[in-house]
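**Q** Got a predicted structure plus its sequence, pasted below:
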Amino acid sequence: MKNIIIFGAPGSGKGTYSDEIVARYGMGHISTGDVLRGEIKQGSELGKIAKGYIDNGQLIPDELMISILAKTYDEMPAGKGVIFDGFPRTIAQAEALKQMLAERKHDMGVMIELIVDEETLMARLLNRAIEQGRADDNEETIKKRFAVYHSQTEPLAAWFEKEGMRHTFTWGGSKEAMLGEIFAFLDAENK
Ligand code: B4P
């Protein structure tokens, strides 16, 4: 299975669709958000640093994030492909990922971009706040996360376009329909 980078705004379904992709293709899964929340739960030094940024809707500094990613990647089972969920989020992270994979003679694979309107995103995240109580899912922090997404992460779409890796999927109101399109694309890619 090729590596997959799943990309989109907060609430676009990165985590949700990653779980479905992992269930179908049996590949490795790295969610940088989950890694950071795990560190916060354990009360580690990294978790203490990360909490300040996450609760404020900001990104964790690139250098720290890149070293966590490399360590997590090297712990994944070899040869199955990995889905990168929530990484990269800046151009510096994308360049670092490209270099890290090249050093290991691994391919970057394909990028899947989830395009969802902001009203739907806000409704999903406020709903998750009720269901899961995540500290960063409140209206004020969500607005900051959208702003950070537009200024630091969205420009990466053009970077992936240049690499010839970008494939977009637009929300039309049905999770199953979008998932069907993603599976059809991945089946064809991995023939
Ligand atoms: P993440 O954990 O990646 O949070 P997220 O952007 O909100 O995406 P997530 O995967 O959780 O949600 P999803 O879209 O699946 O990051 C959290 C924070 O960690 C960041 O703000 C940042 O501070 C830090 N961080 C993480 N990675 C970093 C990096 N690389 N560099 C720097 N900092 C980093 O779904 C959200 C909700 O929508 C869910 O409740 C889901 O059930 C619902 N949903 C999804 N798809 C749906 C659908 N089709 N229909 C209905 N509901 C749907």
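**A** Perfect, thanks for sending it.

**Q** how far away is Lys80 from Asp55?
**A** From Lys80 across to Asp55, the span is 34 Å (C-beta to C-beta, to the nearest Å). Where you see a C-beta, it was placed from the backbone N, CA and C, and this is true even at glycine.

**Q** now do Ala94
**A** 25 Å.

**Q** more crowded one of those two?
**A** Counting neighbours by other C-beta atoms under 10 Å for Ala94 and for Asp55 shows that Ala94 has the greater number, 22 against 14.

**Q** Would you mind pulling the contact partners of the strand or helix carrying the more buried one?
**A** Here Ala94 sits within helix 91-103, counting by DSSP states H and E. Residues outside helix 91-103 that contact it (C-beta atoms under 8 Å, 6 or more residues apart in numbering) are 3, 5, 62, 65-66, 69-70, 73, 84, 87-88, 107-108, 155-156, 159-160, 163.

**Q** what does stretch 19-37 give?
**A** With C-beta under 8 Å, 6+ apart, stretch 19-37 has contacts from 1, 4, 6, 14-15, 18, 46-47, 50, 54, 60, 65, 68-69, 72-73, 76-77, 80-87, 89, 179, 182-183, 186, 190.

**Q** Please pick the buried ones from those.
**A** 1, 4, 6, 14-15, 18, 46-47, 50, 54, 60, 65, 68-69, 72-73, 81-87, 89, 179, 182, 186 (16 or more other C-beta atoms under 10 Å).

**Q** Okay, the nearest residue to Ser12 once chain neighbours are set aside and Asn138: tell me how far apart.
**A** Closest residue in space to Ser12, ignoring its immediate chain neighbours: Leu114 at 4.1 Å, by C-beta to C-beta, 6 or more residues apart in numbering. For Leu114, the distance to Asn138 equals 22 Å [C-beta to C-beta].
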